[in-house]
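> no sequence for this one, just the structure:
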(Lines give C-alpha, C1' and ligand atoms only; values in the text may rest on other atoms or scores of the structure.)
Protein backbone atom coordinates (compact mmCIF):
# COMPACT_ATOMS: atom_id res chain seq x y z
CA UNK A 1 0.00 0.00 0.00
CA UNK A 2 1.28 3.45 -0.94
CA UNK A 3 0.22 6.64 0.83
CA UNK A 4 -0.52 9.89 -0.97
CA UNK A 5 2.45 11.38 0.87
CA UNK A 6 4.77 8.65 -0.49
CA UNK A 7 3.28 9.19 -3.92
CA UNK A 8 4.01 12.90 -3.80
CA UNK A 9 7.60 12.27 -2.75
CA UNK A 10 8.08 10.10 -5.84
CA UNK A 11 6.33 12.49 -8.23
CA UNK A 12 8.34 15.47 -7.03
CA UNK A 13 11.53 13.87 -8.31
CA UNK A 14 10.24 14.95 -11.73
CA UNK A 15 7.71 17.76 -11.19
CA UNK A 16 5.92 19.58 -8.36
CA UNK A 17 2.45 18.81 -7.07
CA UNK A 18 0.92 22.25 -7.58
CA UNK A 19 -1.79 21.91 -4.91
CA UNK A 20 0.31 20.08 -2.35
CA UNK A 21 -0.25 22.78 0.29
CA UNK A 22 -4.03 22.31 0.01
CA UNK A 23 -3.96 18.65 1.02
CA UNK A 24 -4.88 17.77 4.60
CA UNK A 25 -2.89 15.48 6.88
CA UNK A 26 -5.68 12.93 6.57
CA UNK A 27 -5.54 13.02 2.77
CA UNK A 28 -1.76 12.64 2.79
CA UNK A 29 -2.10 9.38 4.74
CA UNK A 30 -4.72 7.86 2.46
CA UNK A 31 -3.44 4.55 1.06
CA UNK A 32 -3.63 3.33 -2.53
CA UNK A 33 -3.10 -0.22 -3.76
CA UNK A 34 -2.80 0.16 -7.55
CA UNK A 35 -3.48 2.22 -10.64
CA UNK A 36 -6.69 2.10 -12.68
CA UNK A 37 -8.25 3.86 -15.65
CA UNK A 38 -10.75 6.65 -15.03
CA UNK A 39 -13.64 4.33 -15.88
CA UNK A 40 -12.56 1.28 -13.87
CA UNK A 41 -10.62 2.66 -10.87
CA UNK A 42 -12.10 2.08 -7.40
CA UNK A 43 -11.75 4.00 -4.15
CA UNK A 44 -8.36 2.42 -3.41
CA UNK A 45 -6.79 3.19 -6.78
CA UNK A 46 -4.97 6.04 -8.45
CA UNK A 47 -5.90 7.34 -11.91
CA UNK A 48 -4.96 10.18 -14.27
CA UNK A 49 -6.31 12.40 -17.05
CA UNK A 50 -3.66 12.80 -19.74
CA UNK A 51 -5.92 13.40 -22.74
CA UNK A 52 -8.83 15.84 -22.91
CA UNK A 53 -10.80 13.29 -24.95
CA UNK A 54 -11.40 11.36 -21.72
CA UNK A 55 -12.57 14.29 -19.61
CA UNK A 56 -16.15 12.94 -19.70
CA UNK A 57 -14.90 9.90 -17.76
CA UNK A 58 -13.33 12.11 -15.10
CA UNK A 59 -16.54 13.48 -13.62
CA UNK A 60 -17.90 10.00 -12.87
CA UNK A 61 -14.64 8.38 -11.82
CA UNK A 62 -14.53 6.41 -8.56
CA UNK A 63 -10.73 6.75 -8.22
CA UNK A 64 -9.34 7.68 -4.82
CA UNK A 65 -6.92 10.17 -6.38
CA UNK A 66 -6.47 11.58 -9.87
CA UNK A 67 -3.58 13.37 -11.56
CA UNK A 68 -4.96 16.33 -13.52
CA UNK A 69 -3.79 19.66 -14.87
CA UNK A 70 -5.06 22.86 -13.27
CA UNK A 71 -7.56 23.22 -16.13
CA UNK A 72 -9.52 20.16 -14.99
CA UNK A 73 -9.08 20.43 -11.23
CA UNK A 74 -12.69 21.52 -10.65
CA UNK A 75 -14.04 18.50 -12.57
CA UNK A 76 -12.50 15.95 -10.20
CA UNK A 77 -15.33 14.30 -8.20
CA UNK A 78 -15.74 15.45 -4.60
CA UNK A 79 -14.89 11.99 -3.28
CA UNK A 80 -11.57 11.92 -5.15
CA UNK A 81 -8.36 13.76 -4.33
CA UNK A 82 -7.13 16.00 -7.13
CA UNK A 83 -3.34 15.94 -7.52
CA UNK A 84 -2.60 18.88 -9.80
CA UNK A 85 0.50 18.62 -11.97
CA UNK A 86 1.75 20.12 -15.21
CA UNK A 87 2.16 16.71 -16.89
CA UNK A 88 -0.28 14.02 -15.68
CA UNK A 89 1.11 11.31 -17.95
CA UNK A 90 4.60 11.87 -16.58
CA UNK A 91 3.18 11.76 -13.05
CA UNK A 92 1.45 8.46 -13.84
CA UNK A 93 4.73 7.08 -15.21
CA UNK A 94 6.54 7.97 -12.01
CA UNK A 95 3.77 6.65 -9.79
CA UNK A 96 3.46 3.34 -11.65
CA UNK A 97 6.89 2.29 -10.42
CA UNK A 98 5.70 2.36 -6.81
CA UNK A 99 3.05 -0.27 -7.58
CA UNK A 100 5.20 -2.63 -9.64
CA UNK A 101 5.80 -6.11 -8.27
CA UNK A 102 9.14 -6.26 -6.50
CA UNK A 103 11.32 -9.31 -7.10
CA UNK A 104 13.08 -10.39 -3.90
CA UNK A 105 16.85 -10.37 -3.84
CA UNK A 106 18.29 -13.86 -4.26
CA UNK A 107 21.98 -13.22 -3.65
CA UNK A 108 24.25 -15.43 -5.73
CA UNK A 109 22.63 -18.72 -6.70
CA UNK A 110 24.82 -21.79 -6.14
CA UNK A 111 24.39 -22.91 -9.77
CA UNK A 112 25.92 -19.71 -11.15
CA UNK A 113 29.39 -20.12 -12.69
CA UNK A 114 31.52 -17.12 -11.79
CA UNK A 115 35.17 -16.75 -12.78
CA UNK A 116 37.60 -16.25 -9.90
CA UNK A 117 38.84 -13.05 -11.54
CA UNK A 118 35.36 -11.49 -11.76
CA UNK A 119 34.70 -8.48 -9.54
CA UNK A 120 31.23 -8.58 -7.98
CA UNK A 121 29.98 -5.46 -6.22
CA UNK A 122 27.97 -5.20 -3.01
CA UNK A 123 24.37 -6.42 -2.95
CA UNK A 124 24.61 -7.94 -6.43
CA UNK A 125 22.05 -10.63 -7.23
CA UNK A 126 23.02 -13.39 -9.67
CA UNK A 127 20.36 -15.93 -10.60
CA UNK A 128 20.46 -19.62 -11.48
CA UNK A 129 22.76 -20.87 -14.24
CA UNK A 130 24.37 -17.52 -15.00
CA UNK A 131 27.87 -17.60 -16.46
CA UNK A 132 30.20 -14.73 -15.56
CA UNK A 133 33.48 -14.72 -17.47
CA UNK A 134 37.05 -13.85 -16.60
CA UNK A 135 37.97 -10.27 -15.68
CA UNK A 136 34.39 -9.06 -15.69
CA UNK A 137 32.97 -6.47 -13.31
CA UNK A 138 29.40 -6.15 -12.02
CA UNK A 139 28.51 -2.99 -10.11
CA UNK A 140 26.74 -2.69 -6.79
CA UNK A 141 23.05 -3.55 -6.51
CA UNK A 142 22.80 -4.91 -10.05
CA UNK A 143 20.58 -7.94 -10.61
CA UNK A 144 21.07 -10.72 -13.14
CA UNK A 145 18.16 -13.10 -13.59
CA UNK A 146 18.55 -16.75 -14.63
CA UNK A 147 20.71 -17.86 -17.57
CA UNK A 148 22.51 -14.56 -18.19
CA UNK A 149 25.92 -14.82 -19.88
CA UNK A 150 28.57 -12.15 -19.41
CA UNK A 151 31.61 -12.87 -21.54
CA UNK A 152 35.18 -12.03 -20.45
CA UNK A 153 36.44 -8.48 -19.93
CA UNK A 154 32.98 -6.91 -19.88
CA UNK A 155 31.73 -4.37 -17.36
CA UNK A 156 28.23 -3.86 -15.97
CA UNK A 157 27.57 -0.72 -13.93
CA UNK A 158 25.61 -0.17 -10.74
CA UNK A 159 21.86 -0.66 -10.26
CA UNK A 160 21.35 -2.58 -13.52
CA UNK A 161 18.62 -5.11 -14.23
CA UNK A 162 19.59 -7.89 -16.64
CA UNK A 163 16.69 -10.23 -17.42
CA UNK A 164 16.85 -13.91 -18.35
CA UNK A 165 18.71 -15.18 -21.41
CA UNK A 166 20.61 -11.93 -22.02
CA UNK A 167 24.06 -12.38 -23.55
CA UNK A 168 26.69 -9.66 -23.16
CA UNK A 169 29.66 -10.22 -25.42
CA UNK A 170 33.30 -9.84 -24.51
CA UNK A 171 34.80 -6.40 -23.76
CA UNK A 172 31.45 -4.61 -23.71
CA UNK A 173 30.72 -1.76 -21.32
CA UNK A 174 27.26 -1.35 -19.78
CA UNK A 175 26.56 1.86 -17.83
CA UNK A 176 24.63 2.45 -14.62
CA UNK A 177 20.85 2.01 -14.20
CA UNK A 178 20.56 -0.02 -17.42
CA UNK A 179 17.66 -2.43 -18.03
CA UNK A 180 18.20 -5.24 -20.54
CA UNK A 181 15.09 -7.35 -21.07
CA UNK A 182 14.80 -11.04 -21.90
CA UNK A 183 16.86 -12.32 -24.79
CA UNK A 184 18.78 -9.12 -25.53
CA UNK A 185 22.08 -9.64 -27.32
CA UNK A 186 24.78 -7.04 -26.73
CA UNK A 187 28.08 -7.39 -28.51
CA UNK A 188 27.32 -10.21 -30.89
CA UNK A 189 29.33 -10.42 -34.09
CA UNK A 190 28.45 -7.72 -36.62
CA UNK A 191 27.45 -8.68 -40.14
CA UNK A 192 30.78 -8.13 -41.87
CA UNK A 193 31.96 -10.17 -44.87
CA UNK A 194 34.14 -9.55 -47.92
CA UNK A 195 33.14 -11.22 -51.21
CA UNK A 196 35.53 -13.61 -52.91
CA UNK A 197 35.73 -13.74 -56.70
CA UNK A 198 32.68 -16.00 -56.88
CA UNK A 199 30.78 -16.27 -53.58
CA UNK A 200 28.64 -19.07 -54.99
CA UNK A 201 31.76 -21.25 -55.16
CA UNK A 202 34.28 -19.89 -52.66
CA UNK A 203 31.91 -18.12 -50.30
CA UNK A 204 32.41 -14.95 -48.31
CA UNK A 205 35.43 -14.05 -46.18
CA UNK A 206 34.39 -13.26 -42.62
CA UNK A 207 35.63 -9.99 -41.14
CA UNK A 208 36.46 -10.36 -37.46
CA UNK A 209 34.56 -7.74 -35.47
CA UNK A 210 37.20 -6.11 -33.26
CA UNK A 211 35.21 -3.28 -31.66
CA UNK A 212 32.99 -3.20 -28.60
CA UNK A 213 29.51 -2.08 -27.57
CA UNK A 214 29.41 0.83 -25.14
CA UNK A 215 26.04 1.56 -23.50
CA UNK A 216 25.51 4.71 -21.42
CA UNK A 217 23.53 5.30 -18.23
CA UNK A 218 19.76 4.99 -17.75
CA UNK A 219 19.27 2.97 -20.94
CA UNK A 220 16.39 0.56 -21.50
CA UNK A 221 16.59 -2.14 -24.20
CA UNK A 222 13.61 -4.38 -25.00
CA UNK A 223 13.39 -8.13 -25.45
CA UNK A 224 15.14 -9.84 -28.36
CA UNK A 225 16.89 -6.68 -29.52
CA UNK A 226 20.37 -7.19 -31.00
CA UNK A 227 23.18 -4.66 -30.75
CA UNK A 228 26.21 -5.75 -32.74
CA UNK A 229 29.76 -4.99 -31.71
CA UNK A 230 31.83 -2.64 -33.85
CA UNK A 231 33.97 -3.88 -36.70
CA UNK A 232 36.92 -1.65 -35.80
CA UNK A 233 35.51 1.24 -33.77
CA UNK A 234 32.76 0.80 -31.19
CA UNK A 235 28.98 0.67 -31.38
CA UNK A 236 27.80 3.36 -28.96
CA UNK A 237 24.41 3.83 -27.28
CA UNK A 238 24.12 7.16 -25.43
CA UNK A 239 22.56 8.00 -22.08
CA UNK A 240 18.78 7.85 -21.55
CA UNK A 241 18.18 5.92 -24.79
CA UNK A 242 15.09 3.68 -24.85
CA UNK A 243 14.85 0.85 -27.40
CA UNK A 244 11.82 -1.37 -27.93
CA UNK A 245 11.69 -5.12 -28.62
CA UNK A 246 13.07 -6.72 -31.78
CA UNK A 247 15.30 -3.88 -32.92
CA UNK A 248 18.49 -4.46 -34.92
CA UNK A 249 21.41 -2.09 -34.29
CA UNK A 250 24.30 -2.97 -36.59
CA UNK A 251 28.03 -2.53 -36.07
CA UNK A 252 29.50 0.92 -35.50
CA UNK A 253 26.12 2.61 -35.10
CA UNK A 254 26.05 5.62 -32.76
CA UNK A 255 22.78 6.60 -31.06
CA UNK A 256 22.61 9.95 -29.27
CA UNK A 257 21.35 10.71 -25.78
CA UNK A 258 17.61 10.59 -25.15
CA UNK A 259 16.63 8.91 -28.42
CA UNK A 260 13.63 6.52 -28.51
CA UNK A 261 13.36 3.64 -31.02
CA UNK A 262 10.23 1.52 -31.51
CA UNK A 263 9.95 -2.16 -32.41
CA UNK A 264 11.16 -3.78 -35.63
CA UNK A 265 13.41 -0.87 -36.55
CA UNK A 266 16.61 -1.87 -38.35
CA UNK A 267 19.65 0.41 -38.40
CA UNK A 268 22.43 -0.54 -40.80
CA UNK A 269 26.11 -0.23 -40.00
CA UNK A 270 28.09 2.96 -39.35
CA UNK A 271 25.04 5.20 -39.12
CA UNK A 272 24.94 8.00 -36.58
CA UNK A 273 21.64 9.08 -35.00
CA UNK A 274 21.47 12.29 -33.00
CA UNK A 275 20.03 13.24 -29.63
CA UNK A 276 16.31 13.22 -28.76
CA UNK A 277 15.25 11.49 -31.97
CA UNK A 278 11.99 9.52 -32.04
CA UNK A 279 11.98 6.56 -34.44
CA UNK A 280 8.68 4.79 -35.10
CA UNK A 281 8.05 1.10 -35.58
CA UNK A 282 9.47 -0.84 -38.54
CA UNK A 283 11.66 2.03 -39.72
CA UNK A 284 14.55 1.06 -41.98
CA UNK A 285 17.73 3.14 -41.91
CA UNK A 286 20.51 2.52 -44.39
CA UNK A 287 24.18 2.49 -43.42
CA UNK A 288 26.87 5.18 -43.42
CA UNK A 289 24.51 8.15 -43.01
CA UNK A 290 23.99 10.80 -40.34
CA UNK A 291 20.68 11.82 -38.77
CA UNK A 292 20.80 15.08 -36.86
CA UNK A 293 19.31 15.83 -33.43
CA UNK A 294 15.53 16.12 -32.84
CA UNK A 295 14.34 14.13 -35.84
CA UNK A 296 11.08 12.17 -35.78
CA UNK A 297 10.63 9.25 -38.19
CA UNK A 298 7.09 7.95 -38.46
CA UNK A 299 6.40 4.23 -38.64
CA UNK A 300 7.68 2.28 -41.66
CA UNK A 301 9.74 5.20 -42.94
CA UNK A 302 12.72 4.23 -45.10
CA UNK A 303 15.75 6.48 -44.69
CA UNK A 304 18.31 6.24 -47.49
CA UNK A 305 20.13 9.58 -47.13
CA UNK A 306 21.45 11.71 -44.30
CA UNK A 307 18.97 14.01 -42.57
CA UNK A 308 20.57 17.33 -41.71
CA UNK A 309 17.53 19.36 -40.61
CA UNK A 310 15.48 18.58 -37.49
CA UNK A 311 11.81 17.80 -37.96
CA UNK A 312 9.37 15.03 -38.81
CA UNK A 313 9.91 12.70 -41.80
CA UNK A 314 7.70 10.00 -43.31
CA UNK A 315 7.74 7.69 -46.30
CA UNK A 316 5.41 4.76 -45.54
CA UNK A 317 2.03 4.92 -47.29
CA UNK A 318 -1.14 4.45 -45.29
CA UNK A 319 -3.40 1.47 -45.97
CA UNK A 320 -6.16 1.84 -48.54
CA UNK A 321 -8.49 -0.54 -50.37
CA UNK A 322 -6.45 -2.90 -52.54
CA UNK A 323 -8.03 -1.79 -55.81
CA UNK A 324 -7.16 1.86 -55.09
CA UNK A 325 -3.64 0.92 -53.99
CA UNK A 326 -3.04 -0.96 -57.27
CA UNK A 327 -4.12 2.07 -59.30
CA UNK A 328 -1.87 4.30 -57.20
CA UNK A 329 1.06 1.90 -57.65
CA UNK A 330 0.60 1.92 -61.45
CA UNK A 331 0.65 5.72 -61.50
CA UNK A 332 3.72 5.78 -59.27
CA UNK A 333 5.59 3.48 -61.67
CA UNK A 334 4.51 5.64 -64.60
CA UNK A 335 5.93 8.72 -62.89
CA UNK A 336 9.29 6.95 -62.61
CA UNK A 337 9.43 6.34 -66.37
CA UNK A 338 8.69 9.93 -67.40
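Done, it's in. It should be emphasised that the depicted structure is a prediction, and the values quoted were computed from it without experimental measurement. Numbering: from 1, shown residues only.
> pretty sure residue 143 contacts residue 160?
Yes - counting by CB atoms under 8 Å, residue 143 touches residue 160, with 7.3 Å between them. Any C-beta I mention is one placed from the backbone N, CA and C, and that applies to glycine too.
> who's more crowded, these two?
Set side by side, residue 143 and residue 160 show more neighbours around residue 160, with 24 against 19, by other CB atoms under 10 Å.
> now for this protein, the helix or strand with the poorest mean pLDDT.
In the chain, the helix or strand scored least confidently by mean pLDDT, DSSP states H and E is helix 322-337, which has a mean of 89.
> so what pairs up with the most centrally placed residue in the chain in the strands?
The centre of the chain sits closest to residue 242, judged by CA atoms, centre = their mean, with a distance of 2.9 Å. Following DSSP bridges, residue 242 is listed with bridge partners residue 220, residue 260.
> and it, what does it touch?
Going by CB atoms under 8 Å, 6 or more residues apart in numbering, residue 242 touches 219-220, 259-261.
> ok, and the most crowded of those?
residue 261 (27 neighbours).
> residue contacts, that one?
Per CB under 8 Å, 6+ apart, neighbours of residue 261: 241-244, 247, 255, 267, 279, 283.
> including distance to residue 50 and pLDDT, could the residues you listed go into a markdown table?
Output for the contacts of residue 261, formatted as a markdown table (distance: CB to CB, whole Å; pLDDT from 0 to 100):
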| residue | distance to residue 50 | pLDDT |
| --- | --- | --- |
| 241 | 24 | 98 |
| 242 | 19 | 98 |
| 243 | 23 | 98 |
| 244 | 20 | 98 |
| 247 | 26 | 98 |
| 255 | 27 | 98 |
| 267 | 30 | 98 |
| 279 | 23 | 98 |
| 283 | 25 | 98 |
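> ok so residue 71 is a helix residue?
Yes - according to DSSP: H, G, I helix; E, B strand; the rest coil, the state of residue 71 is that of a helix.
> residue numbering should commence at 21 henceforth.
All right, first residue 21 from here; so that's residue 91.
> what is the neighbour count of it?
Around residue 91 there are 11 residues (other CB under 10 Å).
> just residue 326 next, same as before
For residue 326, using other CB under 10 Å, the count is 13.
> looks like it contacts residue 311 (just checking).
Yes - using CB under 8 Å, residue 326 is in contact with residue 311, at 6.9 Å.
> centre of the chain to the least confident helix or strand of the chain, how far?
The chain centroid and the centroid of helix 342-357 are separated by 38 Å, computed with CA atoms, centre = their mean, to the nearest Å.
> tell me what it is packed against?
Helices and strands touching helix 342-357, by 3 or more CB pairs under 8 Å, 6 or more residues apart in numbering; DSSP states H and E: there are none.
> let me see the ranges of the helices in the stretch 71-220 of the chain.
With helices called from DSSP state H, counting those that start in this stretch, the stretch 71-220 of the chain shows them at 75-78, 108-119, 219-222.
> what about those, which gets the closest to residue 257?
Proximity to residue 257 (CB to CB) singles out helix 108-119 among those, at 21.4 Å.
> flag every buried residue along that closest one.
108, 110-112, 114-115, 118-119 (16 or more other CB atoms under 10 Å).
> distance across stretch 191-204, terminal residue to terminal residue?
This stretch, stretch 191-204, spans 16 Å end to end (CA to CA, to the nearest Å).
> let me fix that: stretch 67-76
Taking CA to CA, the first and last residues of stretch 67-76 lie 14 Å apart.
> do the same with stretch 256-272
7 Å.
> okay, now the unreliable bits of this protein?
Low-confidence segments of the chain (pLDDT under 70): 358.
> what about residue 349, how many residues nearby?
11.
> again with residue 123
11.
> just residue 353 next, same as before
9.
> what does residue 218 give?
8.
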